[in-house]
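> Build the 3D model from these lines:
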Amino acid sequence: AGQEFTIDLGSYDKNFNLIIVDQMGRKVLQKNNLTSGTRIAHNLPAGTYFAIIQNNFLSLHSQIIIQ
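Model (predicted):
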């Protein structure tokens, strides 16, 4: 079954790219030109991943857990 999550950067109004990598460092999902609050559908298996949010102005790294 498909799931989804939301990247919420508050009032941040610039577009960004999202890259999700697994614990082995393999890219498992990439979405470009997102805006804060966009719902992102995925079919990732349960586990721990790393989200990289980046554009010309910022680069954020965060661990996410999909259950």
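
> Only C-alpha atoms from now on, for both contacts and neighbour counts.
Will do.

> and the nearest residue in space to residue 67 that is not next to it in sequence, how many residues sit next to it?
Spatially, and ignoring its direct neighbours in sequence, residue 67 is nearest to residue 46 (4.8 Å; C-alpha to C-alpha, 6 or more residues apart in numbering). Close neighbours of residue 46, defined as other C-alpha atoms under 10 Å, add up to 9.

> I figured residue 46 hits residue 64, correct?
No - between residue 46 and residue 64 there is no contact under C-alpha atoms under 8 Å: 10.4 Å.

> Against residue 65, how distant is the residue nearest to residue 67?
With distances taken as C-alpha to C-alpha, to the nearest Å, residue 46 is found 7 Å from residue 65.

> Now do the helices in this structure.
Counting by DSSP state H, the chain yields no residue ranges for helices.

> low-scoring stretches of it, by residue?
Judged by pLDDT under 70, the chain has its weakly predicted residues at 1.

> On the strand side of things, show who the closest residue to residue 31 other than its chain neighbours bridges to.
Nearest non-adjacent residue to residue 31, counting by C-alpha to C-alpha, 6+ apart: residue 18, 5.2 Å away. Residue 18 has these beta-bridge partners by DSSP bridges: residue 31, residue 53.

> about what we covered before: could you measure the residue nearest to residue 67 against residue 13, distance?
Here residue 46 is placed at a distance of 30 Å from residue 13 (C-alpha to C-alpha).

> got it, and residue 21?
24 Å.

> and the two? which has more neighbours close in?
Between residue 21 and residue 13, residue 21 has the larger neighbour count (other C-alpha under 10 Å), namely 18 against 10.

> quick one: the closest residue to the more buried one other than its chain neighbours from residue 59, how far?
Closest residue to residue 21 apart from its sequence neighbours, by C-alpha to C-alpha, 6+ apart: residue 27 at 4.3 Å. Plainly put, residue 27 is 16 Å away from residue 59 if you go by C-alpha to C-alpha.

> go on, residue 20?
Using C-alpha to C-alpha, residue 20 is found at 13 Å from residue 59.
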